[in-house]
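Sequence unavailable; structure follows:
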């Protein structure tokens, strides 16, 4: 069981991801924008972050870059889960420091497989 931070501004997407994660016995934290995601990463120390791209205040690419460059949070793996699903988006997300990139809607199998790979399960 891991503590996973979902950073997304869509209540529907949060609900869907949370259900999938809880079904696999993960604890879930929710941030509604990139700034809140950074704050929670520092204060709550999640095992992994699921990061949307299109969010208010700070987008997912910006938040991922900040978290992956910060010595205090760079060890936390980030999976970008976004409707921005072009190959260029994926490459850009990985260049910002994400360890994985899933297009929306991600299937439960894709999501859990990627999480387990990054957490070494």
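Nice, I can see it. In this text the structure is predicted, and so the values were computed from the model without any measurement. Numbering: from 1, shown residues only.

what does stretch 100-120 rub up against?
2, 4, 13, 16-17, 20-21, 23-24, 26, 47-48, 50, 77-83, 85, 89-90, 93-94, 99, 121 (Cβ atoms under 8 Å, 6 or more residues apart in numbering). The C-beta positions use only the backbone N, C-alpha and C, and glycine is treated the same way.

Span of stretch 53-62 from start to end?
Chord length of stretch 53-62, first to last residue, is 9 Å (Cα to Cα, to the nearest Å).

which parts of that stretch are buried?
53, 55, 58, 59, 60, 61, 62 (16 or more other Cβ atoms under 10 Å).

which ones are touching the first one?
Going by Cβ under 8 Å, 6+ apart, residue 53 touches 59, 60, 61, 80, 82, 83, 84, 89, 93.

Among the residues you listed, which pair sits farthest apart?
Longest distance between any two of the contacts of residue 53 is 13.6 Å, between 61 and 83; criterion Cβ to Cβ.

Do a quick rundown of the strands in this protein.
3-7, 27-31, 48-51, 78-82, 100-103 (DSSP state E).
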